[in-house]
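the amino acid sequence is not available; the structure is as follows:
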Ligand SMILES: C[S@@+](CC[C@H](N)C(=O)[O-])C[C@H]1O[C@@H](n2cnc3c(N)ncnc32)[C@H](O)[C@@H]1O
Ligand SMILES: [Zn+2]
């Protein structure tokens with residue numbers, strides 16, 4: 001790999017991703033662990049492991065661009081070396097990109113990378129706090145079609161500015177790497193950042209995603225508009241969602257109806273979601289098995305994505321330039337299959353451990369469920385887990401019977 005310095009006060013190297021070439025700090029692709037921007041070894045962030053995340057941004061913007069039927073203005077609000085924004089400019093026809101980062105050294109790299117890819121005509125580079133930039137867009141400079149928010153940790157403090165900066169129908173992509181917070185390892189931090197109580201349970205990855213969406217929905221509703229989730233995905237160290245916003249009163253009403261609470265029984269695996277106002281009228285927190293119900297929320301109780309949109313992304317993925325084409329397709333196919341399936345998934349190991357029985361194969365579980373008329377869907381949230389419309393009690397009986 002050629003080593004270039006190009007006047008940067010740290011070793012750099014050029015690599016390729018999708019259709020672009022990017023100059024990155026050499027340490028970011030060498031080190032076994034990424035340590036953050038303040039470290040001298042990692043002066044600007046780049047993570048090759050996030051290529052899938054960037055592939056999905058490209059596909060989402062391609063679909064949006066097709067729906068718009070005009071040039072799109074997108075914003076990579078925390079661009080790091082610019083990998084995502086540059087790929088959006090190079091791989092989505094008819095787009096202009098605003099690339100921004102608060103770190104001046106990142107902005108030097110972004111400017112270099114814009115020139116390296118001859119994208120000067122389609123890229124505007126800024127060095128601001130993303131909130132200032134987005135609020136300026138919201139109230140002075142005209143709104144954006146697509147905003148990608150990909151900070152270190154929680155995106156919560158950027159959500160309001162990002163939502164307000166969008167045109168009606170615009171897309172907001174949020175990446176959260178504070179998964180331990182959303183998944184309930186640090187419950188207090190989750191309440192502080194997302195105003196929602198998390199829950200440690202076998203499907204806590206989904207609970208975390210629903211908390212992120214619920215928070216986004218409440219901030220949108222505060223401004224009088226609604227959101228519709230287009231894609232929600234979880235990978236090893238982040239959870240990600242892309243939503244469209246809609247300023248109609250119908251969408252606002254639907255958004256409010258999609259907010260509620262989760263109730264879960266740790267004894268019998270029963271779980272259910274309840275709309276906000278029903279849950280508030282609830283008096284007891286006892287499961288039908290007699291155990292105490294745990295709860296989480298407020299959170300998003302509606303669908304986590306949109307089937308038609310996900311299918312369009314799949315179609316776009318056939319057109320090439322993906323960095324991880326196989327992983328992207330496999331993920332999108334799973335998402336298409338599970339997006340309309342029942343909320344919350346079951347983990348066979350957990351139930352079988354509780355019941356003290358051997359774990360059947362997923363195929364066997366699917367056959368048993370389907371023979372009784374119940375549904376069975378795999379979930380991308382957790383390999384080896386599944387969604388079904390069978391109540392927990394029926395599922396336990398069916399597993400016990402063998
Ligand atoms: C996870 S990295 C972004 C990675 C990038 N999206 C990619 O795909 O390579 C987070 C970036 O957010 C920037 N950042 C942190 N706080 C910011 C803020 N308030 N406004 C703008 N950028 C910020 C950091 O300097 C860092 O470059
Ligand atoms: Zn119970």
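Nice, thanks for sending it over. Note that the structure is a prediction, hence the values are computed from the model and not measured. Ligands and ions are numbered 1, 2, ... in the order given.

helix, strand or coil for residue 184?
Put simply, residue 184 is coil when judged by DSSP: H, G, I helix; E, B strand; the rest coil.

quick one: it and residue 207 touch, right?
Yes - at 7.1 Å, residue 184 counts as touching residue 207 under the criterion of CB atoms under 8 Å. The way it works is simple: take the backbone N, C-alpha and C, and place the C-beta from them, glycine included.

residues shared between the contacts of the two?
Residues touching both residue 184 and residue 207 by CB atoms under 8 Å, 6 or more residues apart in numbering: 198-199, 201, 296.

for residue 184 and residue 207, indicate the residue with more neighbours.
residue 207 (25 against 18; other CB atoms under 10 Å).

now name the helix or strand holding that one.
helix 204-222 (DSSP states H and E).

listing partners with orientation, what would you give for the following helix or strand past that helix?
In the C-terminal direction, the helix or strand that comes right after helix 204-222 (DSSP H and E) is strand 226-235. Partner strands for strand 226-235, per DSSP bridges, with pairing direction: strand 238-246 (antiparallel).

off-centre distance for the partner strand?
Distance of strand 238-246 from the chain centroid (CA atoms, centre = their mean, to the nearest Å) equals 6 Å.

am I right that residue 294 is in contact with residue 265?
Yes - taking CB under 8 Å as the definition, residue 294 is a contact partner of residue 265 at 7.5 Å.

of the two, which one has the most company?
Ranked by neighbour count (other CB under 10 Å), residue 294 and residue 265 place residue 265 first, with 21 against 17.

how far away is the more buried one from residue 393?
10 Å (CB to CB, to the nearest Å).

next up, the contacts around the residue most central in space within the chain.
Centroid-nearest residue in the chain: residue 240, 1.0 Å away (criterion: CA atoms, centre = their mean). Listed by CB under 8 Å, 6+ apart, the contact set of residue 240 reads 53, 56, 173-176, 231-234.

cool, and residue 105?
By CB under 8 Å, 6+ apart, the contact list for residue 105 reads 8, 43-44.

ok, the residues you listed vs ligand 2, which is closest?
Using CB to the ion, residue 44 comes nearest to ligand 2 of the contacts of residue 105, at 50.3 Å.

hang on, the closest one packs against residue 104?
No - taking CB under 8 Å as the definition, residue 44 is not a contact partner of residue 104, at 9.9 Å.

circling back: hey, what's in contact with both of residue 265 and residue 393?
Common neighbours of residue 265 and residue 393, using CB under 8 Å, 6+ apart, are residue 289.

so where do the helices sit in the stretch 301-402 of the chain?
Assigned by DSSP state H, counting those that start in this stretch, the helices in the stretch 301-402 of the chain fall at 307-317, 325-338, 348-355, 362-371, 392-401.

low-scoring stretches of the stretch 51-200 of the chain, by residue?
In the prediction, the stretch 51-200 of the chain carries no residues with pLDDT under 70.

near ligand 1, which residues of it?
Proximity of the stretch 51-200 of the chain to ligand 1 (CB under 6 Å from any ligand atom) is limited to residues 54, 78-81, 83-84, 100-103, 106, 129-130, 150-152.

can you flag the buried ones in those?
Buried subset of these (neighbour count, 16 or more other CB atoms under 10 Å): 54, 78-81, 83-84, 100-103, 106, 130, 150-151.

of all these, which two lie farthest apart?
Distance extremes for these: the farthest pair is 54 and 102 at 19.8 Å, using CB to CB.

ok, back up a step: residue 285 is nearest to which of the helices of the stretch 301-402 of the chain?
helix 392-401 (16.6 Å).

may I see the buried residues of that closest one?
For helix 392-401, by 16+ other CB under 10 Å, it's 392, 395-396, 398-399.

and if you look at stretch 354-368?
By neighbour count with 16+ other CB under 10 Å, stretch 354-368 contains the buried residues 359-360, 365-366, 368.

please parse the protein into its domains.
48-338, 348-401 (automatic domain parsing).

which residue ranges form the helices in the stretch 1-150 of the chain?
Remark: helices assigned in the stretch 1-150 of the chain by DSSP H, counting those that start in this stretch are 26-30, 51-68, 83-91, 104-116, 130-136.

now the first one, how far from the centre of its chain.
Same thing as helix 26-30. That offset, for helix 26-30, works out to 25 Å (CA atoms, centre = their mean).

in it, what's buried?
26-28.

pick the one among the residues you listed closest to residue 270.
With CB to CB as the yardstick, the closest approach to residue 270 among the buried residues of helix 26-30 comes from residue 28, at 45.7 Å.

residue 42 is in contact with the closest one, correct?
Yes - counting by CB under 8 Å, residue 28 touches residue 42, with 5.9 Å between them.

returning to that earlier point: deepest-packed of the helices of the stretch 1-150 of the chain, please.
The highest mean neighbour count among those, using mean count of other CB atoms under 10 Å, belongs to helix 83-91: a mean of 27.
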